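[1] What would the 3D arrangement of this be:
(chains A and B, ligands or ions: 2)
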2 protein chains.
Amino acid sequence: MASDIRDPIQGSKNYKHVTTAPIPRLEYKDPRAEELIQSGQPVIITDSDLVGSAYHWNLDYLCANLGNGLYTVYTSGNGKFKYYDEKKVPNVPSFQPPTSHTDMTFQDFASKLKRKDNSDWIYLQQPLNDTVGPRIELDFKGFNWDFAYRQMKRNRWGPLTSNLLLVGMAGVVTPAHYDEQENLFAQIQGYKRFLLFHPDQFECLYPYPIFHPHDRQSQVDFDDPDLKKFPQFSKLKGYEGIVGPKDVLYIPMYWWHQVESLEDHGETISCTFWFKAAPTEKVVYPLNAGQKVAIMRNIEKMIADTLKDNKNMPHFMRTMVQGRYS
Amino acid sequence: MASDIRDPIQGSKNYKHVTTAPIPRLEYKDPRAEELIQSGQPVIITDSDLVGSAYHWNLDYLCANLGNGLYTVYTSGNGKFKYYDEKKVPNVPSFQPPTSHTDMTFQDFASKLKRKDNSDWIYLQQPLNDTVGPRIELDFKGFNWDFAYRQMKRNRWGPLTSNLLLVGMAGVVTPAHYDEQENLFAQIQGYKRFLLFHPDQFECLYPYPIFHPHDRQSQVDFDDPDLKKFPQFSKLKGYEGIVGPKDVLYIPMYWWHQVESLEDHGETISCTFWFKAAPTEKVVYPLNAGQKVAIMRNIEKMIADTLKDNKNMPHFMRTMVQGRYS
Ligand SMILES: [Zn+2]
Ligand SMILES: [Zn+2]
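    Ligands and ions are numbered 1, 2, ... in the order given. Have a look, this model is predicted:
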């Protein structure tokens, strides 16, 4: 087989302090693929054809067929698209949004992307809805829903919540964060590098306080980590892999991921399949890392709700822990 | 008025790092006494005669009249009587009780106290109950219950829960801790120095984790503070006063107190009046320090109950806070 940009050796990019092993790449019939998903481990499946009916999607086709609906387009001055929750912005008066967003037609987005005359990076992120034109609707209906629902049932995930269409300029970066849903991430065009970290790496990744707009995002800038503030970052261990056209990556819930569209391979087109978590049955001890993250989130929410004063929360948390549990 | 051992200047004892102001000493008719109690501030009331019917209690009288019931007597090798909760001992396998206790008649306790031939300190701490003889019962009934219940009603405290009889050798020390009840502390014989600290000094006093047998006790040894582990101790600010015969000290709930029977003034005889907390009405913001302590206790209990593994609790707490709220 010819060498591919996705081969582990070519794909590896070194962040100082971050140690990674390759994410397994397996065919969907390989029993190990199923075993990894069932045990909550990430895997790249190469031939599920989950979005096989969309392999022909590219900028021109989407321009011609997506209709005149409005799409949310994010703009960043430095290529990083760190998500923030608008509802939590009032909680931190000093907060400066690192990106802005506007709604535009797909055609306007595509011409912006092609022009390349501006110094800003742009990234379209829009849930697929019923404003898409008839041909896209047909493509959408032709997705390999069998595969998707088989995964959902086998792993007792909750219902599918949304399919996010992602169209990003080469070079855009989504900094490390975790989501509270299971995700089958299907790549259509271009290449994306994924860095993945188990939920037990929480203490190396220092997520923002829960009330912060950047909740669920790591505070650490991987390009220039502040090891004084975040000393455990130097112990971070994870997985790394590049997904290209036809690849589907399973991102287990609570797993951290940093996603980078490779330079020099054009824009990236991807589609996510997000599923709600499996119902929590009888809790079994010892707790796993994901359950501990969920407990921490609940505790932090409860304290924030009780104190009703986020700016006093750090002092309260410190007082509870320092010299007592530290 | 002649100088008294209780006068602030004579009474002050210097602990390095601990700054204290005098606890106000006021007559019960002084309106400021009432104002202090109502605002949850400590005060020594000099003439309430709360236990006026017991001013004649001394070792011989108690020996002759307390009956043959058994009394709990604590023994300490170093004069410090740091309380521990026996129910929580299994939570900390390495825990070594700093005191021991045995049940004995008051007569046996009194002769031990008089002998003074042993190197151990002893301290009797026993709730008054109906095994006391008829003369003590009469004295007890003659307490100034009007005063006690007036305080209870005026400050909306809950019911009286117990009267603890305390008989301590000169020199015994009860290290800094807080209680979860309101306390009218009545002195009968001998002198006790009180160091009191507002609940907002929590962060300077580093109580043990909630699951620890020494829950509610400070981890800091005032005689030899470990400022590396407990750096905020050097900022501790509080109140200090000596209570003698007839004095009643109001110790507000959640206020820290360290109590020392003075050397060279014989044994101390005291009686506490403990009342449940006022019912929590509609919570008013900003929260006060006592409410924050209560919230912290609830949070710690919930985490301990959820993790079901106390030895992992410090790591969990650190992970939640370090680099995130610190
Ligand atoms: Zn994500
Ligand atoms: Zn006490």
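[2] Name the residues of the longest helix belonging to chain A that are buried.
    The longest helix of chain A (DSSP state H) is helix A:289-307. Buried positions in helix A:289-307, judged by neighbour count with 16 or more other CB atoms under 10 Å in any protein chain shown: A:290-297, A:299-300, A:303-304, A:306-307. Bear in mind the C-beta positions are built from the backbone N, C-alpha and C, glycine included.
[3] Can you get me a residue count around the residue of the stretch 1-150 of chain A found nearest chain B?
    Chain B sits closest to residue A:92 of the stretch 1-150 of chain A, with a gap of 13.3 Å, by CB to the nearest CB. Counted with other CB atoms under 10 Å in any protein chain shown, residues neighbouring residue A:92 total 17.
[4] any idea what sits nearest it, other than its immediate chain neighbours?
    Closest residue to residue A:92 apart from its sequence neighbours, by CB to CB, 6 or more residues apart in numbering or on different chains: residue A:212 at 5.8 Å.
[5] Please look at the one you found and residue A:88 and confirm they touch.
    Yes. Counting by CB atoms under 8 Å, residue A:212 does reach residue A:88; the two are 6.4 Å apart.
[6] Which one of these two is surrounded by more residues?
    Comparing residue A:212 with residue A:88 by other CB under 10 Å, the one with more neighbours is residue A:212, at 21 against 18.
[7] Quick check: phi and psi at the more buried one.
    Backbone torsions for residue A:212, taken as degrees, to the nearest 10, come to phi -80, psi 140.
[8] What of residue A:325?
    For residue A:325, the backbone dihedrals are phi -120, psi 10 (criterion: degrees, to the nearest 10).
[9] Any regions of the stretch 1-150 of chain A where pLDDT drops low?
    Across the stretch 1-150 of chain A, residues meeting the criterion (pLDDT under 70) sit at A:1-2, A:9-13, A:117-118.
[10] and it, which residues reach chain B?
    Near chain B, no residue belonging to the stretch 1-150 of chain A is found when assessed by CB under 8 Å from any CB of the partner chain.
[11] the domain parsing of chain A - what is it?
    Per the record, chain A has its domains at A:19-275, A:289-321, by automatic domain parsing.
[12] roughly how far is the longest one from the heart of the chain?
    Averaging C-alpha positions (CA atoms, centre = their mean, to the nearest Å) puts domain A:19-275 4 Å from its chain's average.
[13] For stretch A:44-52, C-alpha coordinates in PDB please.
    What follows is stretch A:44-52, C-alpha atoms only, in PDB (Å, rounded to 0.1, in the frame of the first residue of the first chain):
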ATOM      1  CA  ILE A  44     -10.500   5.600  13.300                       C
ATOM      2  CA  ILE A  45     -12.700   3.400  11.100                       C
ATOM      3  CA  THR A  46     -11.600   3.600   7.500                       C
ATOM      4  CA  ASP A  47     -14.400   2.000   5.500                       C
ATOM      5  CA  SER A  48     -17.800   2.400   7.200                       C
ATOM      6  CA  ASP A  49     -19.000   4.800   4.400                       C
ATOM      7  CA  LEU A  50     -21.000   6.500   7.100                       C
ATOM      8  CA  VAL A  51     -21.200   9.600   4.800                       C
ATOM      9  CA  GLY A  52     -20.500   7.700   1.600                       C
END
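[14] host element of residue A:187?
    Applying DSSP states H and E as the criterion places residue A:187 in strand A:182-189.
[15] any idea of the mean pLDDT for the helix or strand just after that strand?
    Later in the chain than strand A:182-189, the nearest helix or strand by DSSP H and E is strand A:192-197. What strand A:192-197 shows for mean pLDDT is 97.
[16] And the contacts of whatever helix or strand comes next after strand A:192-197?
    Sequence-wise, the next helix or strand downstream of strand A:192-197 (DSSP H and E) is helix A:202-205. Applying CB atoms under 8 Å, 6 or more residues apart in numbering or on different chains, the contact partners of helix A:202-205 are A:176, A:197, A:218, A:220, A:230, A:232-233, A:235-236, A:256, A:289, A:292-293, A:296, B:318-319, B:322.
[17] List only those of these flagged as buried.
    Buried members of the contacts of helix A:202-205, counted by 16+ other CB under 10 Å: A:176, A:197, A:218, A:220, A:230, A:232-233, A:236, A:256, A:292-293, A:296, B:318-319, B:322.
[18] In strands, which of those residues appear?
    Among the buried ones among the contacts of helix A:202-205, DSSP state E puts A:176, A:197, A:256 in strands.
[19] Distance to residue B:23 for those - can I get that in a markdown table?
    Formatted as a markdown table, those follow (distance: CB to CB, whole Å):
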| residue | distance to residue B:23 |
| --- | --- |
| A:176 | 54 |
| A:197 | 55 |
| A:256 | 54 |
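[20] in chain A, which spans are helices?
    Assigned helices in chain A, in chain order: A:8-11, A:31-38, A:59-65, A:106-115, A:134-141, A:145-154, A:202-205, A:289-307, A:313-321 (criterion: DSSP H).
[21] which of these is buried the deepest?
    helix A:202-205 (a mean of 22; mean count of other CB atoms under 10 Å in any protein chain shown).
[22] Show me what the mean pLDDT comes to for that one.
    On average, helix A:202-205 scores 97.
[23] which residues does the spatially most central residue of chain A contact?
    Taking CA atoms, centre = their mean, the centroid of chain A lies closest to residue A:257, which sits 5.6 Å from it. Listed by CB under 8 Å, 6+ apart, the contact set of residue A:257 reads A:174, A:176, A:177, A:178, A:194, A:195, A:196, A:197, A:251.
[24] can you pull the pLDDT of the second one?
    According to the prediction, residue A:176 has pLDDT 98.
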